[in-house]
Each structure stands twice: as C-alpha cells, then as structure tokens.
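>>> quick one, fold the following:
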Amino acid sequence: MKLERRSELSVPVLLEGRPASRDELAAWLLDPPRLLQQLLSGEQLEVQASGQFLYFPRPLQLPGILIAPQVHFRADGQASLLAISLIDYRLPGLAALERNACYRFSAELQAVDGAFRMRAKATLTLNIGGGGLGMPEPLLAFLGNRALGLIFGRLEQRCRRNLGSRLLPGS
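Model prediction:
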C-alpha cells in the first residue's frame, strides 16, 4: 500500500520590519546548517560531513512504548534553492513497522521576494503482507495517512513559526 502527501507553502519573511529581498533570503539557503538550526530545534540537530544531518524529533510516548525517531538527511543549498532529501530513518521501539515500511521524503525551500516558498513530498509504502504488522489494511491506511498528516502539519507550523517570524539578519 502506497500513501502520498504533498505540501506547498509560502512563508512571508520580514527583516527589520520590511519584506526580505530574494538575495537576503538566498544567503540563508547557502548556509544549510544555519537555516536548518533555525527551522528545527538546534539542540535536536547534529551537523555531519558533506551536507548531511542527523535529526532527533521529539519522542512520542504511547502506552507501553516510547518512539524516538532518528532522521538522517542531506541538504544542498545553491543560489536561491535549498534541496532536502531523506537518506535514512530509524524508529526504535517499532521494529516490525520499520521492517515493513518504506518512507521517502524530499523538500525544497526557494527564496522569492519577501518569502520562502516550501514544497515537500512524502511517500509511505507499507508492506501489508509482511509479518509483524497484524493490522487490517483500512486501519493501516488510516494510521499511515494520520502519520503523514502529523508530519506535514508539524513541518508547516515550523516553517511559519521559525522561518517567518523569527528569521533575523546574521543570526
């Protein structure tokens, strides 16, 4: 079963009370660690070599289980575009799901006059015949769509909150 979600969002950015220029925003895109630390919680982001990052999102506590995702991704900044692509992910505590699910994610941040434009796409492929899931297909589809919705809701919220209102020159 393959589930897919897409999002497109424009985030207005003010610098010193005026709309940021495309060139000012493009400078942020050329420095992926700085931009990603602004977008994500910096203490949860590990900068690695060659434009790679390791991100530890906030753990999720479910009855009897703690899920602490680990996300390994690449970010390449050039001119007025930052491309982000998933390399690998881990879901400690959910071994059966990790074995029977394939998650792909990519996003782009583009600098335009006065705003960042974000485009993102994710697919979640579940091997419903794989052992260990033990759930009916409609329930898996519901849970998978719910998970993608939560991921994209969080992404859009972070873009609005951390890029729109908190972006500061030289920070």
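
>>> can we go C-alpha only for contacts and neighbour counts from here?
Fine.

>>> which residues touch residue 81?
Contacts for residue 81 (Cα atoms under 8 Å, 6 or more residues apart in numbering) come out as 26, 29, 108, 109, 110, 111.

>>> reformat these as JSON lines; add secondary structure, pLDDT and neighbour count.
As requested, the contacts of residue 81 are exported to JSON lines (DSSP: H, G, I helix; E, B strand; the rest coil; pLDDT from 0 to 100; neighbours: other Cα atoms under 10 Å):
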{"residue": "26", "secondary structure": "helix", "pLDDT": "92", "neighbour count": "22"}
{"residue": "29", "secondary structure": "helix", "pLDDT": "92", "neighbour count": "26"}
{"residue": "108", "secondary structure": "strand", "pLDDT": "96", "neighbour count": "20"}
{"residue": "109", "secondary structure": "strand", "pLDDT": "95", "neighbour count": "23"}
{"residue": "110", "secondary structure": "strand", "pLDDT": "96", "neighbour count": "22"}
{"residue": "111", "secondary structure": "strand", "pLDDT": "94", "neighbour count": "26"}
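
>>> and the residues you listed, which two are furthest apart?
Using Cα to Cα, the pair of the contacts of residue 81 lying farthest apart is 26 and 108, separated by 12.6 Å.

>>> least confident secondary structure element in this structure?
Across the helices and strands of the chain, mean pLDDT, DSSP states H and E gives its lowest value to strand 60-62, namely a mean of 70.

>>> which stretches of this protein form strands?
For the chain, the strands defined by DSSP state E occupy 2-12, 14-15, 18-19, 45-47, 52-55, 60-62, 65-67, 70-78, 81-90, 101-112, 115-126.

>>> of those, which is nearest residue 150?
Here strand 2-12 is closest among those (Cα to Cα), at 10.9 Å.

>>> strand partners of the closest one, parallel vs antiparallel please.
The pairing partners recorded for strand 2-12 under DSSP bridges are strand 115-126 (antiparallel).

>>> elements contacting the top helix by length along the chain?
In the chain, assigned by DSSP state H, the helix with the most residues is helix 137-158. Helix 137-158 sits against strand 2-12, strand 115-126, with contacts defined as 3 or more Cα pairs under 8 Å, 6 or more residues apart in numbering; DSSP states H and E.
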